[in-house]
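# How does the following fold in three dimensions:
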Amino acid sequence: MRRVSSLITIVLLSLAGLAACNSAERKTTSAGPTASQTPGPKAPTDGIRRITVVELKDLLAKNEAVVIDVRNQESYDLSHIQGAKLIPVADTLKHINELPKDKLIVTYCS
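Model (predicted):
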């Protein structure tokens, strides 16, 4: 049962990292609609929960979340969220036991 639970967590974490890094959101070109004609942002349909910066700050202040940076070492060294742990998306399976089971795991890649 523990293996199944770990496998599910690994799959979800990997999907979250990949979905965040490979977002299908596109910028409007100059030939596209003007700002007044552009509808508001569409809700993602990939089933991945998104949180705002304000929500993340609140969760971190309450010690209810951990931030995982899934980019590569070079990008992490250039800049990262203070307190974020670097686990490149390709290495998530190697570090699954390091992730807390009682906190929200927030991944980001940009």
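
# Residue 86 contacts residue 78, correct?
No - look at residue 86 against residue 78 with Cβ atoms under 8 Å: they stay out of range, at 11.9 Å. All C-beta spots, glycine's among them, are computed from the backbone N, C-alpha and C.

# Pick out whichever of those two has more residues nearby.
residue 86 (16 against 8; other Cβ atoms under 10 Å).

# Neighbours of the residue nearest to that one when sequence neighbours are not counted, how many?
Leaving aside its sequence neighbours, residue 86 sits nearest to residue 76 (Cβ to Cβ, 6 or more residues apart in numbering; 4.6 Å). The number of residues packed near residue 76 is 17, by other Cβ under 10 Å.

# Residue 76: which element?
Per DSSP states H and E: residue 76 is located in helix 73-78.

# Can I get that helix as CSV, trimmed to CA atoms?
What follows is helix 73-78, C-alpha atoms only, in CSV (Å, rounded to 0.1, in the frame of the first residue of the first chain):
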residue,chain,number,x,y,z
GLN,A,73,20.8,23.8,-11.4
GLU,A,74,21.9,26.7,-13.6
SER,A,75,18.4,28.3,-13.5
TYR,A,76,18.1,27.7,-9.8
ASP,A,77,21.5,29.4,-9.2
LEU,A,78,20.4,32.5,-11.2
